[in-house]
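Visitor: give me the fold of what follows.
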Amino acid sequence: MCTSMWMSWAALMGVLNLVVVEATTPPHVLFVVGDDVGYSDFGFFNDQKTITPTIDGLLQTGVFLSDYYTFKICSPSRAAMLTGRYPWGAGFYDMSEDTNHCTTNSTALPELLKPLGYKTHALGKWDVGFMLKECSPTYRGYDTFFGYYLACEADYWYHDAAGSYSSCAGPDSVTTTPTDLSNNTATKISPAAAGLNGTYNTRLLANEAARLVTAHDVTTPFFMYLAFMAVHDGCTSKTSPFSGLGKQAPLATVDLYNTTVLDTYKVAGAMYTELDSGVQTVIDALQANGMWDSTVLIFVSDNGGPLDHCTNEPLRGGKHTFFEGGVRVMSFVSGPLIPVSRRGTRWAGMAASADWYATITEGMAGGTLPANTGYRPPDALNVWSAILDGSAGPRTEVVHQVQNQWICDVTQANGGCASSMRMGEMKLIIGGPGDSRTLEKPEPCTVTPVPNGYTAPCPARGFLTGCQFTCGPKFKNCQGCFGNVTTPPLITDTPEACQEACSKVGECGAFQWIGAGNNVSGTIHHQCIFKCAAAIAPGRTECSIGHKMGSAGGAWVCGPKVNNSDAPPPPGPPATPPTPQQCPVPFGLSGGSVEEGSDHARAIGLKGDRYDLVCKPWCLFNLTSDIGERNDLGGNPAYQEIAQKIAARLLYHGTTGPMPAYIWPNATEFKEKTNESCVSAVATGYLEPLDAGVTLLDAF
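Guide: Next up is the predicted model:
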């Protein structure tokens, strides 16, 4: 049925010295999407601080896509993968009126694969429109869908819909929360079995994926879109008994992280381990059904890791930001079909989330994109051959966000409308990119010098490094030194003045020069961060970091070692340094708890002082020499021509952006339909699409 297409695939594989599996069909494709995955959070990248043996192995036998880009938040990036357009090009400029969005303005990826003979399955997070049936997965080309429609479920074990439904519920049902877990086949839309409540989300999705693999006819090509919720928060409501405890994992898995100090990172690590195990569950099924040897596995994150429990080092920023930590994300391809010569390598060509549309359809499946796949030509490029042969690839730019009549993306309060793109090795940001911190993975606890407690290096939150904090049954607060930046940055007009200030150390304070930065007015200044000398030089025994008595919000300060602190002083060095040893740190000492009568461990997210940079008129970074985006070239006269060129290109792209992909452009009608959907959900007990509607394509 697709022999000629398969022959082109086989010919390419032969050129690349790949051992081609005898087959008459294109390869199977397992497309795994992690949610909020940090760029450096797998064990492969963080010295095994995270336990992810399966994914580590896939990276060792696959190709790491180091320059793969997506959007800063989830729904737009998923729309890009489904439609082959930039997020803004698909009409998903942001997540405002999230449930009003729909992708029927373009032919969907699975609709392109069906004519090539593929059986198509979607599992997990949908989040690209469901209010009308036409927008839901099995009406967009998938044979089956098992998952949830919204951005997250309220809990990893209890699969309730996120958000409040009391506004449309009757007086006898104000506490009713519908389930957001569906099990759909073709046009039949049904709630998933009620007995699934109590099953951990990651395991639930992995087991259903394995069941579908086991039942598959191996003579037919197989495409599975497996969008895990991990490691996104469970979206607990304010009225939930687990409010604020969004990091969630089985206690037995959490206990594997007994040398991780903070509960947040214990549970986050366990969430990654559960994700890793889920991937292995599906691979085991593929192997058992004789499909693995002809499968390509794709892994991507939908956006950068959020800074409250993930790390994107060496990238700056995280989810919700236009820094690399928000838009450059973890991605790789793996499986037995990867050429031996390319296994364990890095591909540094640029790729965007929209590119899977062409890469899977043309590169992997051997098809051809139709001449018309929607009202706007696709932005997708086929990067498959470049990944396989290591060449640069066809993409020379990635447009992260535009400004036009439809969108003013205010990413941070004082930043104005934000937009950004990368052209070659240069990246331009206009406006406020968002939280500017760069976070590292904390080191494990390795010594126990304090009775009834533990000490470990403080995680490098922002510019903070080198301090110690105490944690244990006696000392409950494990987050004490996260806030030791005690004053705003010192801003000077010249680098010489900044360097002079940085060279002066008074009593217990010290300035650290962090280079050039833009202030709100757009004038280039030079910044110094005031830090406690006890953090910069732990040997300064006359200085200490402590909790200021009676301070609002419990501010942490540094100063001379006097009785103005209720924090324990740092322990002195022992006469004979002990042999370093790992110290088990019990769970529950820093904001975590276990649900009574269960193994359900939950933890809080970490809070830190935001550091915001405003790019006026713009910031410019060379990502080849400055992947951490520390050296802003935007004010350098030598770079004005390239900055202006990128800005003009960005302006042009904005003019090509469509109206938002709303089902109901009229806000009043959308509000009415939202209430109708709410009433239906409360009445039936689960979220389901409404029947009637007009697809966006009908308008063209």
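Visitor: mind checking pLDDT for the closest residue to Y611 other than its chain neighbours?
Guide: Leaving aside its sequence neighbours, Y611 sits nearest to S436 (Cβ to Cβ, 6 or more residues apart in numbering; 4.6 Å). Yep, even glycine has a C-beta here, placed from its N, CA and C like the rest. With respect to pLDDT, S436 has a value of 91.
Visitor: quick one: secondary structure of the closest residue to K49 other than its chain neighbours?
Guide: Among residues not flanking K49 along the chain, K441 sits closest, at 5.2 Å (Cβ to Cβ, 6+ apart). Here K441 is recorded as coil under DSSP: H, G, I helix; E, B strand; the rest coil.
Visitor: and K441, how far is that from D47?
Guide: 8 Å (Cβ to Cβ, to the nearest Å).
Visitor: T684 contacts P178, doesn't it?
Guide: Yes - applying Cβ atoms under 8 Å, one finds T684 in contact with P178, separated by 7.2 Å.
Visitor: of the two, which one has the most company?
Guide: P178 (22 against 12; other Cβ atoms under 10 Å).
Visitor: residues touching the closest residue to the more buried one other than its chain neighbours, list them.
Guide: Spatial nearest neighbour of P178, chain neighbours left out: A681 (3.9 Å); criterion: Cβ to Cβ, 6+ apart. Listed by Cβ atoms under 8 Å, 6 or more residues apart in numbering, the contact partners of A681 are 161, 165, 178, 687-688.
Visitor: hang on, the earlier thing: next up, the contacts around the residue nearest to K49.
Guide: So K441 contacts 40-41, 46, 49-50, 265, 311, 313, 459 (Cβ under 8 Å, 6+ apart).
Visitor: looking at those, state which has the most neighbours.
Guide: D41 (29 neighbours).
Visitor: in the chain, where is pLDDT below threshold?
Guide: 1-24, 169-175, 445-583, 692-700 (pLDDT under 70).
Visitor: part of a helix, is L606?
Guide: No - checked against three-state DSSP, L606 lies outside a helix; its state is coil.
Visitor: so it touches C310, yeah?
Guide: No - L606 lies out of contact with C310 (Cβ under 8 Å); the separation is 10.1 Å.
Visitor: would you mind measuring from A268 to N382?
Guide: For A268 relative to N382 (Cβ to Cβ), the value is 35 Å.
Visitor: more neighbours: which of those two?
Guide: Counted by other Cβ under 10 Å, A268 and N382 do not tie: A268 has more neighbours, with 33 against 19.
Visitor: ok, back up a step: dump the contacts of K441 to JSON lines, plus secondary structure and distance to I663.
Guide: Formatted as JSON lines, the contacts of K441 follow (DSSP: H, G, I helix; E, B strand; the rest coil; distance: Cβ to Cβ, whole Å):
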{"residue": "S40", "secondary structure": "coil", "distance to I663": "38"}
{"residue": "D41", "secondary structure": "coil", "distance to I663": "36"}
{"residue": "N46", "secondary structure": "coil", "distance to I663": "42"}
{"residue": "K49", "secondary structure": "coil", "distance to I663": "44"}
{"residue": "T50", "secondary structure": "coil", "distance to I663": "40"}
{"residue": "Y265", "secondary structure": "helix", "distance to I663": "40"}
{"residue": "T311", "secondary structure": "coil", "distance to I663": "37"}
{"residue": "E313", "secondary structure": "coil", "distance to I663": "40"}
{"residue": "P459", "secondary structure": "coil", "distance to I663": "43"}
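Visitor: out of those, which is nearest to R630?
Guide: R630 lies nearest to E313 out of the contacts of K441, by Cβ to Cβ, at 12.7 Å.
Visitor: dump the residue contacts of that closest one.
Guide: 39-40, 438-441.
Visitor: the residue nearest to Y611 contacts G325, doesn't it?
Guide: No - checked against Cβ under 8 Å, the pair S436 and G325 is beyond contact range at 9.5 Å.
Visitor: between these two, what contacts are shared?
Guide: 316-317.
Visitor: please say which of the two ends up with more neighbours.
Guide: G325 (35 against 21).
Visitor: how close does the more buried one sit to Y93?
Guide: Distance, G325 to Y93, by Cβ to Cβ: 21 Å.
Visitor: please apply the same query to Y225.
Guide: 23 Å.
Visitor: try G588
Guide: G588 is 42 Å from Y93, by Cβ to Cβ.
Visitor: give me the neighbour count for the nearest residue to A151 once chain neighbours are set aside.
Guide: Nearest residue to A151 in three dimensions, chain neighbours excluded: D127, at 5.1 Å (Cβ to Cβ, 6+ apart). By the measure other Cβ under 10 Å, the count of residues near D127 is 25.
Visitor: where along the stretch 301-450 of the chain do the strands fall?
Guide: 331-334, 345-347, 351-352, 397-401, 419-423, 426-431 (DSSP state E, counting those that start in this stretch).
Visitor: turn these into JSON lines, columns for distance to K188 and mean neighbour count.
Guide: Putting those into JSON lines (distance: least, Cβ to Cβ, whole Å; neighbours: other Cβ atoms under 10 Å) gives the following:
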{"stretch": "strand 331-334", "distance to K188": "34", "mean neighbour count": "24"}
{"stretch": "strand 345-347", "distance to K188": "41", "mean neighbour count": "18"}
{"stretch": "strand 351-352", "distance to K188": "35", "mean neighbour count": "28"}
{"stretch": "strand 397-401", "distance to K188": "38", "mean neighbour count": "24"}
{"stretch": "strand 419-423", "distance to K188": "43", "mean neighbour count": "24"}
{"stretch": "strand 426-431", "distance to K188": "46", "mean neighbour count": "25"}
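Visitor: in TSV, list those strands along with distance to T656.
Guide: As requested, those are exported to TSV (distance: least, Cβ to Cβ, whole Å):
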stretch	distance to T656
strand 331-334	26
strand 345-347	28
strand 351-352	15
strand 397-401	10
strand 419-423	13
strand 426-431	17
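Visitor: of those strands, which is nearest G246?
Guide: Closest to G246 of these is strand 331-334 (Cβ to Cβ; 24.5 Å).
Visitor: adjacent strands (with direction) for the closest one?
Guide: Partners of strand 331-334 in the sheet, by DSSP bridges, are strand 63-65 (antiparallel), strand 295-301 (antiparallel).
Visitor: please name every helix or strand in contact with the helix or strand following the shortest one.
Guide: Spelled out, that is strand 63-65. Downstream of strand 63-65, the next assigned helix or strand under DSSP states H and E is strand 68-69. Counting contacts by 3 or more Cβ pairs under 8 Å, 6 or more residues apart in numbering; DSSP states H and E, strand 68-69 packs against strand 351-352.
Visitor: neighbouring strands of the strand it packs on in the sheet, and parallel or not?
Guide: strand 68-69 (parallel).
Visitor: burial measure for T220, as a count.
Guide: Quick note: T220 (other Cβ under 10 Å) scores 12 neighbours.
Visitor: let's number from 17 now, not from 1
Guide: That works, and once the first residue is 17, the last one we named lands at T236.
Visitor: which residues does it contact?
Guide: Contacts of T236 (Cβ under 8 Å, 6+ apart): 41, 133-135.
Visitor: just to revisit the earlier point, farthest pair in the contacts of A697?
Guide: Y181 and E704 (13.4 Å).
Visitor: re the thing from before, ok, the residue nearest to P194 to T120 distance?
Guide: With Cβ to Cβ as the criterion, A697 and T120 are 22 Å apart.
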